[in-house]
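whatever this is, show me its structure:
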Amino acid sequence: MDIILRNETDDPIYKQIIDQVKAQIIAGRLTAGDALPSMRALAAQLRISVITTKRAYEELEREGYIENFLGKGCFVKSQNTDFLREETIRQTEEMVAQICKKARLCGLSADELKEMIDLMYSEENEND
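This is a model prediction of the structure:
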């Protein structure tokens, strides 16, 4: 499991972990039954607090992405990845609608907004 923490984002560390684990599950890089690193191992690998990894894992479990077996560790939960992908697309559509509303409020044209998105999307891909 690859997790890359970014200092330049406003997202807290636990949220970055959650988002990246979800993305890896949706993309199929993590599949049902795959073991996740222990909370301590992930904390050591990322050089962060165990409390932070615990919070991320608890949230992932609460949302149904992973399951924790006492004494065995955390594993990717069996689920419908098509449903997860659709849910992520729905959430993205909601965010895009909010972005479009703000863009219109400040007089940004659709072409200017598309150019901004293209630039940000390509920068994000370069950082992956």
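
remind me, longest helix of this protein?
Secondary structure of the chain per DSSP state H: the longest helix is helix 81-105.

ok, and what's touching it?
22, 25-26, 28, 65, 112-113 (C-beta atoms under 8 Å, 6 or more residues apart in numbering). C-beta here means a position set from N, CA and C on the backbone, and glycine is covered the same way.

could you redo the last one with a cut-off of 7 Å?
Here helix 81-105 makes contact (C-beta atoms under 7 Å, 6 or more residues apart in numbering) with 25-26, 28, 113.

go on, stretch 11-24?
1, 3, 5-6, 9, 30, 48, 52-53, 55-56, 59-60, 65.

check stretch 33-52 too.
1, 3, 5, 13-14, 53-54, 57, 66, 73-76.

what residues of the helix or strand that the longest helix of the chain is followed by count as buried?
Where DSSP states H and E defines the elements, the next helix or strand beyond helix 81-105 is helix 110-127. Neighbour-count burial for helix 110-127 flags residue 113 (criterion: 16 or more other C-beta atoms under 10 Å).

stretch 31-49 too?
Those would be 36-37, 39, 42-43, 46, 48, for stretch 31-49 by 16+ other C-beta under 10 Å.
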